[in-house]
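Peer 1: Make a model of this:
(one chain, ligands or ions: 1)
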Amino acid sequence: MAIRLGDVAPDFTAETTEGTVNFHEWLGEGWGVLFSHPKDFTPVCTTELGGFAARKAEFDQRNTKLIAVSVDDVASHQRWKSDIGEVQGTELNFPIIGDEKHTVADLYDMIHPNASDTMTVRSVFIIGPDKKVKLTLTYPASTGRNVDEIVRVLDSLQLTAAFPVATPLDWRPGDDVIIANSVNDADAAEKFPRGFRKVKDYLRFTPAPNK
Ligand code: BEZ
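Peer 2: Purely as a prediction, here's the structure:
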(Lines give C-alpha, C1' and ligand atoms only; values in the text may rest on other atoms or scores of the structure.)
Protein backbone atom coordinates (compact mmCIF):
# COMPACT_ATOMS: atom_id res chain seq x y z
CA MET A 1 0.00 0.00 0.00
CA ALA A 2 1.16 3.52 -0.69
CA ILE A 3 2.87 5.33 2.15
CA ARG A 4 1.01 8.41 3.30
CA LEU A 5 2.16 11.48 5.19
CA GLY A 6 2.06 10.86 8.91
CA ASP A 7 2.55 7.09 8.56
CA VAL A 8 5.40 5.54 10.52
CA ALA A 9 8.17 4.90 7.97
CA PRO A 10 8.37 1.10 7.55
CA ASP A 11 11.36 -0.29 9.40
CA PHE A 12 13.73 -2.82 7.81
CA THR A 13 17.14 -4.36 8.16
CA ALA A 14 19.19 -4.38 4.97
CA GLU A 15 22.71 -4.79 3.65
CA THR A 16 24.19 -1.56 2.37
CA THR A 17 27.49 -0.31 0.99
CA GLU A 18 28.31 0.69 4.58
CA GLY A 19 27.30 -2.60 6.25
CA THR A 20 24.06 -3.83 7.78
CA VAL A 21 21.57 -1.09 8.58
CA ASN A 22 18.53 -1.33 10.81
CA PHE A 23 16.67 1.65 9.43
CA HIS A 24 15.03 3.11 12.55
CA GLU A 25 18.12 2.52 14.67
CA TRP A 26 20.31 4.03 11.96
CA LEU A 27 18.08 7.14 11.77
CA GLY A 28 18.57 7.71 15.51
CA GLU A 29 17.09 10.97 16.80
CA GLY A 30 17.51 12.93 13.59
CA TRP A 31 15.86 13.37 10.21
CA GLY A 32 16.37 11.11 7.20
CA VAL A 33 16.01 11.16 3.42
CA LEU A 34 15.43 7.77 1.75
CA PHE A 35 15.53 7.94 -2.03
CA SER A 36 15.27 5.26 -4.68
CA HIS A 37 17.21 4.64 -7.87
CA PRO A 38 15.71 2.57 -10.69
CA LYS A 39 18.86 0.54 -11.36
CA ASP A 40 22.66 0.61 -11.01
CA PHE A 41 24.90 1.91 -13.78
CA THR A 42 22.24 4.19 -15.18
CA PRO A 43 23.11 7.73 -16.21
CA VAL A 44 20.58 9.89 -14.35
CA CYS A 45 21.12 7.97 -11.10
CA THR A 46 24.86 8.43 -11.41
CA THR A 47 24.46 12.22 -11.60
CA GLU A 48 21.99 12.24 -8.71
CA LEU A 49 24.08 10.17 -6.29
CA GLY A 50 27.17 12.28 -7.00
CA GLY A 51 25.10 15.46 -6.63
CA PHE A 52 23.72 14.44 -3.25
CA ALA A 53 27.19 13.36 -2.10
CA ALA A 54 28.61 16.77 -3.05
CA ARG A 55 25.94 18.48 -0.90
CA LYS A 56 26.03 16.09 2.08
CA ALA A 57 27.38 18.79 4.42
CA GLU A 58 24.10 20.71 3.96
CA PHE A 59 22.15 17.67 5.12
CA ASP A 60 24.55 17.17 8.06
CA GLN A 61 23.92 20.79 9.11
CA ARG A 62 20.22 19.95 9.20
CA ASN A 63 20.78 16.80 11.31
CA THR A 64 19.60 14.75 8.34
CA LYS A 65 21.02 11.45 7.10
CA LEU A 66 20.90 10.35 3.47
CA ILE A 67 20.33 6.77 2.35
CA ALA A 68 19.72 5.54 -1.20
CA VAL A 69 18.22 2.29 -2.42
CA SER A 70 18.63 0.55 -5.76
CA VAL A 71 17.31 -2.85 -6.82
CA ASP A 72 20.74 -4.39 -7.38
CA ASP A 73 23.01 -6.05 -4.83
CA VAL A 74 25.68 -4.43 -2.69
CA ALA A 75 28.51 -5.90 -4.80
CA SER A 76 27.08 -4.12 -7.84
CA HIS A 77 26.67 -0.87 -5.84
CA GLN A 78 30.33 -1.10 -4.76
CA ARG A 79 31.43 -1.31 -8.40
CA TRP A 80 29.09 1.55 -9.36
CA LYS A 81 30.41 3.73 -6.49
CA SER A 82 33.76 4.18 -8.18
CA ASP A 83 32.04 5.39 -11.37
CA ILE A 84 29.99 7.88 -9.35
CA GLY A 85 33.12 9.33 -7.73
CA GLU A 86 34.91 9.48 -11.08
CA VAL A 87 32.03 11.06 -13.04
CA GLN A 88 30.78 13.52 -10.43
CA GLY A 89 34.05 14.31 -8.64
CA THR A 90 32.75 13.45 -5.16
CA GLU A 91 33.09 10.05 -3.53
CA LEU A 92 29.83 8.55 -2.37
CA ASN A 93 29.59 9.38 1.35
CA PHE A 94 26.29 7.78 2.40
CA PRO A 95 24.98 4.20 2.14
CA ILE A 96 23.18 2.59 -0.78
CA ILE A 97 20.89 -0.28 0.19
CA GLY A 98 21.24 -3.53 -1.75
CA ASP A 99 17.65 -4.38 -2.61
CA GLU A 100 17.87 -7.18 -5.15
CA LYS A 101 14.85 -8.89 -3.55
CA HIS A 102 12.85 -5.62 -3.70
CA THR A 103 12.18 -5.78 0.04
CA VAL A 104 12.55 -2.04 0.63
CA ALA A 105 11.10 -1.16 -2.77
CA ASP A 106 7.95 -3.16 -1.93
CA LEU A 107 7.69 -1.82 1.64
CA TYR A 108 7.76 1.74 0.28
CA ASP A 109 5.77 1.00 -2.90
CA MET A 110 8.62 2.18 -5.10
CA ILE A 111 7.85 -0.12 -8.06
CA HIS A 112 4.95 1.19 -10.14
CA PRO A 113 4.09 -1.64 -12.56
CA ASN A 114 2.56 0.68 -15.14
CA ALA A 115 5.94 2.42 -15.35
CA SER A 116 8.18 -0.66 -14.98
CA ASP A 117 7.85 -4.15 -13.46
CA THR A 118 11.44 -4.28 -12.31
CA MET A 119 12.83 -0.79 -11.79
CA THR A 120 11.78 1.62 -9.07
CA VAL A 121 10.49 5.08 -9.78
CA ARG A 122 12.47 7.94 -8.21
CA SER A 123 10.88 8.18 -4.78
CA VAL A 124 11.91 10.54 -2.01
CA PHE A 125 10.77 10.06 1.59
CA ILE A 126 11.68 12.58 4.26
CA ILE A 127 11.33 11.09 7.71
CA GLY A 128 11.19 13.10 10.93
CA PRO A 129 12.77 12.35 14.32
CA ASP A 130 9.47 10.68 15.34
CA LYS A 131 10.05 8.19 12.43
CA LYS A 132 6.96 9.49 10.66
CA VAL A 133 6.89 10.32 6.97
CA LYS A 134 6.87 14.10 6.46
CA LEU A 135 7.16 14.29 2.69
CA THR A 136 6.87 12.01 -0.31
CA LEU A 137 7.90 12.84 -3.87
CA THR A 138 7.67 10.62 -6.93
CA TYR A 139 9.51 11.28 -10.17
CA PRO A 140 9.67 9.09 -13.26
CA ALA A 141 12.95 7.32 -13.98
CA SER A 142 13.66 9.75 -16.81
CA THR A 143 13.65 12.88 -14.60
CA GLY A 144 16.45 13.54 -12.14
CA ARG A 145 15.64 15.14 -8.80
CA ASN A 146 16.62 18.60 -7.60
CA VAL A 147 18.80 18.77 -4.48
CA ASP A 148 17.92 22.46 -3.93
CA GLU A 149 14.25 21.55 -3.65
CA ILE A 150 14.89 18.75 -1.19
CA VAL A 151 17.04 21.00 1.02
CA ARG A 152 14.42 23.76 0.73
CA VAL A 153 11.58 21.48 1.75
CA LEU A 154 13.64 20.12 4.64
CA ASP A 155 14.12 23.70 5.87
CA SER A 156 10.37 24.26 5.64
CA LEU A 157 9.57 20.98 7.42
CA GLN A 158 12.00 21.73 10.25
CA LEU A 159 10.76 25.30 10.66
CA THR A 160 7.08 24.39 10.62
CA ALA A 161 7.73 21.55 13.10
CA ALA A 162 9.25 24.07 15.53
CA PHE A 163 6.86 27.04 15.14
CA PRO A 164 3.13 27.45 14.34
CA VAL A 165 3.83 28.69 10.81
CA ALA A 166 3.55 27.57 7.19
CA THR A 167 5.72 28.54 4.24
CA PRO A 168 4.26 30.18 1.13
CA LEU A 169 4.83 29.64 -2.57
CA ASP A 170 8.51 29.52 -3.56
CA TRP A 171 9.58 30.18 0.04
CA ARG A 172 13.29 30.23 0.76
CA PRO A 173 14.97 30.35 4.18
CA GLY A 174 14.97 33.93 5.42
CA ASP A 175 11.73 34.84 3.62
CA ASP A 176 8.64 35.78 5.61
CA VAL A 177 6.39 32.91 6.71
CA ILE A 178 2.63 32.55 7.20
CA ILE A 179 1.19 32.42 10.72
CA ALA A 180 -0.94 29.30 11.22
CA ASN A 181 -4.68 29.98 11.37
CA SER A 182 -4.78 28.13 14.71
CA VAL A 183 -3.04 31.20 16.22
CA ASN A 184 -5.34 34.20 16.80
CA ASP A 185 -4.11 37.79 16.42
CA ALA A 186 -3.59 38.32 20.15
CA ASP A 187 -1.49 35.17 20.48
CA ALA A 188 0.34 35.99 17.24
CA ALA A 189 1.44 39.34 18.69
CA GLU A 190 2.94 37.47 21.65
CA LYS A 191 4.46 34.58 19.74
CA PHE A 192 5.88 36.72 16.94
CA PRO A 193 7.26 39.86 18.67
CA ARG A 194 8.62 41.25 15.39
CA GLY A 195 5.01 41.76 14.36
CA PHE A 196 2.93 40.58 11.47
CA ARG A 197 1.39 41.90 8.30
CA LYS A 198 -2.24 41.05 7.73
CA VAL A 199 -3.17 40.69 4.04
CA LYS A 200 -6.44 38.90 4.82
CA ASP A 201 -7.82 37.65 8.12
CA TYR A 202 -6.53 34.21 7.10
CA LEU A 203 -3.23 35.37 5.55
CA ARG A 204 -0.74 36.93 7.96
CA PHE A 205 2.97 37.15 7.26
CA THR A 206 5.73 37.43 9.84
CA PRO A 207 9.53 37.32 9.65
CA ALA A 208 10.86 33.77 9.95
CA PRO A 209 11.05 33.17 13.71
CA ASN A 210 14.33 31.23 13.49
CA LYS A 211 16.25 34.14 11.90
C1 BEZ B 1 18.80 6.70 -15.46
O2 BEZ B 1 19.11 6.70 -14.27
O3 BEZ B 1 19.45 7.28 -16.30
C4 BEZ B 1 17.59 5.97 -15.91
C5 BEZ B 1 17.19 4.82 -15.26
C6 BEZ B 1 16.09 4.15 -15.70
C7 BEZ B 1 15.37 4.61 -16.79
C8 BEZ B 1 15.77 5.78 -17.43
C9 BEZ B 1 16.88 6.45 -16.99
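Peer 1: Over to the residue lying farthest from the centre of the chain. Which of the three states is it?
Peer 2: In terms of distance from the mean C-alpha position of the chain, Ala186 ranks first, at 35.4 Å (Cα atoms, centre = their mean). Classification of Ala186 by DSSP: H, G, I helix; E, B strand; the rest coil places it in helix.
Peer 1: From the ligand, how far off is it?
Peer 2: 53 Å (Cβ to the nearest ligand atom, to the nearest Å). For every residue, glycine as well, the C-beta is placed using N, CA and C.
Peer 1: what do you get for Ser156?
Peer 2: Between Ser156 and the ligand the distance is 27 Å, computed by Cβ to the nearest ligand atom.
Peer 1: pretty sure that residue contacts Arg172?
Peer 2: No. Using Cβ atoms under 8 Å, Ser156 is not in contact with Arg172, being 9.4 Å away.
Peer 1: Which one's more surrounded, these two?
Peer 2: Ser156 (20 against 11; other Cβ atoms under 10 Å).
Peer 1: what's the neighbour count on the nearest residue to the more buried one once chain neighbours are set aside?
Peer 2: Spatial nearest neighbour of Ser156, chain neighbours left out: Thr167 (4.4 Å); criterion: Cβ to Cβ, 6 or more residues apart in numbering. As a burial measure, Thr167 scores 20 neighbours (other Cβ under 10 Å).
Peer 1: ok, Pro173 touching Gln158?
Peer 2: No. Pro173 lies out of contact with Gln158 (Cβ under 8 Å); the separation is 9.9 Å.
Peer 1: Looking at these two, which has the bigger crowd around it?
Peer 2: Gln158 (20 against 14).
Peer 1: three-state assignment of the more buried one?
Peer 2: When classified by three-state DSSP, Gln158 comes out as helix.
Peer 1: what sits against it?
Peer 2: Contact partners of Gln158, counting by Cβ atoms under 8 Å, 6 or more residues apart in numbering, are Trp31, Arg62.
Peer 1: The same query, at a cut-off of 7 Å, please.
Peer 2: Arg62 (Cβ atoms under 7 Å, 6 or more residues apart in numbering).
Peer 1: how about the helices in this structure?
Peer 2: Taking DSSP state H to define them, one finds helices in the chain at 23-27, 43-54, 56-61, 74-88, 103-107, 147-162, 185-191.
Peer 1: what does this structure put close to the ligand?
Peer 2: Pro38, Lys39, Thr42, Pro43, Val44, Cys45, Met119, Ala141, Ser142 (Cβ under 6 Å from any ligand atom).
Peer 1: Mark which of the residues you listed are buried, thanks.
Peer 2: In terms of neighbour count (16 or more other Cβ atoms under 10 Å), the buried residues within those are Pro38, Lys39, Val44, Cys45, Met119, Ala141.
Peer 1: Which two among those residues are spaced furthest apart?
Peer 2: Greatest spatial distance among these (Cβ to Cβ): Val44 and Met119, at 11.5 Å.
Peer 1: Mean pLDDT and distance to Phe205 added to the helices of the chain, as a markdown table?
Peer 2: As requested, the helices of the chain are exported to a markdown table (pLDDT from 0 to 100; distance: least, Cβ to Cβ, whole Å):
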| stretch | mean pLDDT | distance to Phe205 |
| --- | --- | --- |
| helix 23-27 | 98 | 34 |
| helix 43-54 | 96 | 32 |
| helix 56-61 | 98 | 26 |
| helix 74-88 | 94 | 39 |
| helix 103-107 | 98 | 40 |
| helix 147-162 | 98 | 14 |
| helix 185-191 | 97 | 11 |
